[in-house]
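Asker: Sequence and predicted structure are below.
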Amino acid sequence: MVLDAKVVAFAGGVGGAKLVYGLSKSLSPEHFTIIGNVADDLDLFGLHISPDLDTVMYTLAGLANPAAGWGITDETWQTVEMLRHYGEEVWFNLGDRDFATHILRTQWLKQGHSLTTVTARLLERLGVHCTLLPVTDDPLRTMVDTQEYGTLPFQEYFVRYQWQPTALNVWFYGMVEAQATTKVVTAIREADVIVFCPSNPVLSIAPLLAVPGVREALVERHGVCVAVSPFVGGKALKGPAEKLMRELKLDISATGLIDYYEGLLDGLVIDKLDQEQAVGSKIPILVTETVMKSEDDKVRLAEEVLRWVGSRKS
Ligand code: FO1
């Protein structure tokens, strides 16, 4: 099924990339734009690494490691092994092929190109035709205030400490000065459908919404905005979403998510296991199978969401 609606997906992390894959199979590339999170970015060994952009990019290019969801399939790890041989502490695992992406990105950024331009160029070179827009070209970094280690940059919290520290607060360094790019604002304004993918609401969607210009464009949108819940049976399938949200005293039910997105949603998609949460909802809810194990699952969910939104618009 290929729809001709203009669709914008807000995505971060592995869950987001799965639905992005499904949407990419249901839409023509010129009608599909992904707004990607850059607040998980980090600098290591002089290289600029954009994990969330890369997860989407590798997924769309058919290069993603299917087991981990991040990184490249059939990777080798000789570079990090050599760095360790030199005595460097390497807690963030960069594969040999993945390194090539960071080397090129850093080189092009150093030549003065924006992250938007660099990302477009990387996608083009990998033969991916949809548009992936970093939400901003300005520095933006997720910071987690923890009970045990004080304030940690996101990847230290997530990878180095395996999201085990107790989170007291999450905030975004640079969010006051950052500006959404013109391309991002235009894509949101012109979209017929906006989908918040089943990404971590606090760590992946919130940094997109925090960038000045994004929420304003969403409020002025003409399109329909729906979110797909990342929770199944009241739990996160993977990663820290449930633990973190509980620590931050946020409600992970359908009502909690609708409130978390503060009036931005026209609809919410939840899993069958949570169907009782649809009762009495203040916005329409689609109850369906949201777990995406196979490629068919990803395409089926994407098509179901698009069909549901389409049927509600007409
Ligand atoms: N996640 C891990 O759990 N451990 C890693 O060592 C790791 C390395 C890594 C390297 C490149 C990349 O693009 C992603 C990587 N990730 C790793 C995943 C990454 O931390 C997360 O996908 C996101 O930032 C969370 O959305």
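Answerer: Now that the structure is in, tell me what you want to look at.
Asker: How about the residues of the stretch 151-300 of the chain by the ligand?
Answerer: The stretch 151-300 of the chain comes close to the ligand at residues 155, 158, 159, 204, as judged by Cβ under 6 Å from any ligand atom. The way it works is simple: take the backbone N, C-alpha and C, and place the C-beta from them, glycine included.
Asker: just checking, which of those residues belong to helices?
Answerer: Counting by DSSP state H, the part of these found in helices is residue 155.
Asker: Can I get the residues of the stretch 151-300 of the chain next to the ligand in CSV including distance to residue 108, neighbour count and pLDDT?
Answerer: Shown next, in CSV, are those (distance: Cβ to Cβ, whole Å; neighbours: other Cβ atoms under 10 Å; pLDDT from 0 to 100):
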residue, distance to residue 108, neighbour count, pLDDT
155, 22, 19, 98
158, 26, 22, 97
159, 25, 15, 97
204, 25, 28, 96
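Asker: Greatest separation within the residues of the stretch 151-300 of the chain next to the ligand: which pair is it?
Answerer: Within these, 159 and 204 form the most distant pair, 15.1 Å apart (Cβ to Cβ).
Asker: residues in contact with the residue of the stretch 151-300 of the chain found nearest the ligand?
Answerer: Using Cβ to the nearest ligand atom, the point where the stretch 151-300 of the chain gets nearest to the ligand is residue 159, with a distance of 4.2 Å. With contact taken as Cβ atoms under 8 Å, 6 or more residues apart in numbering, residue 159 is in contact with 91, 92, 93.
Asker: what's the weakest-modelled helix or strand in this structure?
Answerer: Of the helices and strands making up the chain, the lowest-confidence element is strand 235-236, at a mean of 90, by mean pLDDT, DSSP states H and E.
Asker: which residues in the stretch 151-300 of the chain form strands?
Answerer: For the stretch 151-300 of the chain, strands defined by DSSP state E, counting those that start in this stretch occupy the ranges 167-173, 193-196, 224-228, 231-232, 235-236, 267-271, 285-288.
Asker: Now do the third one against strand 267-271, angle only.
Answerer: Looking back up the chat, that one is strand 224-228. Between strand 224-228 and strand 267-271, the angle formed by their directions is 20 degrees, by axes from the mean of the first three to the mean of the last three Cα atoms, to 10 degrees.
Asker: Check the average confidence over strand 224-228, would you?
Answerer: Taken as a whole, strand 224-228 carries a mean pLDDT of 97.
Asker: Could I get the buried residue list for stretch 110-118?
Answerer: With burial defined by 16 or more other Cβ atoms under 10 Å, the residues of stretch 110-118 counted as buried are 113, 115, 116, 118.
Asker: mind checking the longest helix of the chain?
Answerer: In terms of residue count, the longest helix belonging to the chain (DSSP H) is helix 295-313.
Asker: from the chain's centre, how far out does that one sit?
Answerer: On the basis of Cα atoms, centre = their mean, to the nearest Å, the separation between the geometric centre of helix 295-313 and that of its chain is 19 Å.
Asker: swap in stretch 127-144?
Answerer: Between the centre of stretch 127-144 and the centre of its chain there are 9 Å (Cα atoms, centre = their mean).
Asker: Stretch 32-50 now?
Answerer: With Cα atoms, centre = their mean, you get 11 Å for stretch 32-50.
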